[in-house]
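Chemist: Provided below are the primary sequence and the corresponding predicted coordinates.
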Amino acid sequence: MYLVQAQVHPDHTYKTDRMAQEAIENKVIVITGASSGMGAATARRLAQLGAKVVLAARREDQLKQMAVEMGKNTMYVLTDVSKRADMDHLIQTAITTFGHVDVLWNNAGIMPISFFEEGKVEEWERMIDINIKGVLYGINAVLPHMLSRGQGHILTTSSMGGLNTFPSGGVYSGTKYAVRAIMETLRKEVGETIKVTTIYPGTVATELGHDITSPKVNALFGNLDALPKMDTEAIVNAVIYALSQPGNITVNDIMLRPLGKTVN
Ligand code: NDP
């Protein structure tokens, strides 16, 4: 489901779908969590559409290979989103290299889910550091720049787990509920000039969850591979939809899930 909120900027006009490329071409787009999954797939498509893409994640081999494949308008910055200085450095590097930042997509995230009784406190802390603090550091790094330009677009990946919870998902869902609160508040504070989009995907076929260490989770969900999943292409299309809107349209929330039986 797409929820589209129109804002009043009478000088802007609607563009057709065929003009999505025009909307994206030459935009400077910073993506965290760009080394795999939905971030990597979207980065590749945006580069094909002519965007200047800044890839951010921790695994240098993946980022380096992607940057080579994607061509001269792509760069990567090794970034741990849970470190405020890394996020500041990422945005500053993007501005120095390309002149400005049009779009920041806070997409990095981890999901080592477990039951509370298992007491995996270090995993809870890592989820909070990456899924919540990483988003806050991203907003903090880019917002003054966007406000001074009087334009910009901040997207963040929440989850269907940010709207519904499930046994073992308490902390992961908690981080994604927090993302919803952060993004909704950001929209209410700066939404007259800055576009703010939160994406709520259901299950997508990516590396997410490969870091689950809980035997109880594996016993509960059994064969996770048997669950219906979206291809990353579904998220690519959703991001392009949000980025391709005319200047007077801001897509606030995108919720999408695969057909079939789902966890939440
Ligand atoms: P992946 O595991 O494939 O991608 C996660 C990305 O986050 C990787 O690029 C990883 O890169 C990066 N990352 C993890 N920790 C950090 C960190 N500390 N600093 C910087 N980058 C980091 O999974 P997805 O593509 O599925 O995940 C993308 C987002 O989508 C996440 O926020 C996830 O919670 C959300 N989501 C995913 C769903 C799914 O079913 N797959 C459903 C709903 C939401 P690296 O390890 O190189 O740092």
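Modeler: Cool, got the structure. Residues are numbered from 1 along each chain as shown.

Chemist: and for Ala57, the neighbour number?
Modeler: 24 (other CB atoms under 10 Å). C-beta: built from backbone N, CA, C; applies to glycine.

Chemist: kindly report the same for Pro167.
Modeler: Residues within reach of Pro167, counting by other CB under 10 Å, total 13.

Chemist: correct me, but it touches Lys216?
Modeler: No - under the contact definition of CB atoms under 8 Å, Pro167 does not touch Lys216, with a separation of 9.1 Å.

Chemist: need the overlap of contacts for those two.
Modeler: The contact sets of Pro167 and Lys216 overlap at Phe115 (CB atoms under 8 Å, 6 or more residues apart in numbering).

Chemist: how much space separates the residue nearest to the spatial centre of the chain from the ligand?
Modeler: The chain has Asn107 as the residue nearest its centroid, 2.6 Å off, counting by CA atoms, centre = their mean. Applying CB to the nearest ligand atom, to the nearest Å, the value for Asn107 to the ligand is 5 Å.

Chemist: so what's that residue closest to, chain neighbours aside?
Modeler: The shortest distance from Asn107 to any residue that is not its chain neighbour, by CB to CB, 6 or more residues apart in numbering, is 4.0 Å, and that residue is Gly33.

Chemist: burial count for Ala219?
Modeler: Taking other CB under 10 Å as the criterion, the count of residues near Ala219 is 8.

Chemist: the helix or strand where it lies close to the ligand?
Modeler: Assigned by DSSP states H and E, Ala219 falls within helix 215-221. No - among the residues of helix 215-221, none lie within reach of the ligand under CB under 6 Å from any ligand atom; the closest is 12.4 Å away.

Chemist: may I see the buried residues of the helix or strand following that helix?
Modeler: Note on helix 215-221: by DSSP H and E, the next helix or strand toward the C-terminus is helix 232-243. Residues 232, 234-236, 238-243 are the ones in helix 232-243 that count as buried (16 or more other CB atoms under 10 Å).

Chemist: which strands and helices lie in contact with helix 232-243?
Modeler: Helix 232-243 is packed against helix 20-24, helix 37-48, strand 153-157, strand 195-201, strand 249-256, with contacts defined by 3 or more CB pairs under 8 Å, 6 or more residues apart in numbering; DSSP states H and E.

Chemist: ok, which of these comes nearest the ligand?
Modeler: The stretch from those with the least distance to the ligand (CB to the nearest ligand atom) is helix 37-48; that distance is 2.1 Å.

Chemist: list of residues touching the helix or strand just after the closest one?
Modeler: Once helix 37-48 ends, the next helix or strand along the chain (criterion: DSSP H and E) is strand 52-57. Where contact means CB under 8 Å, 6+ apart, the residues beyond strand 52-57 that reach it are 26-36, 39, 43, 46-47, 63, 66-67, 70, 73-79, 81, 90, 93-94, 97-98, 101, 108.

Chemist: since that was my last question, I'll sign off now.
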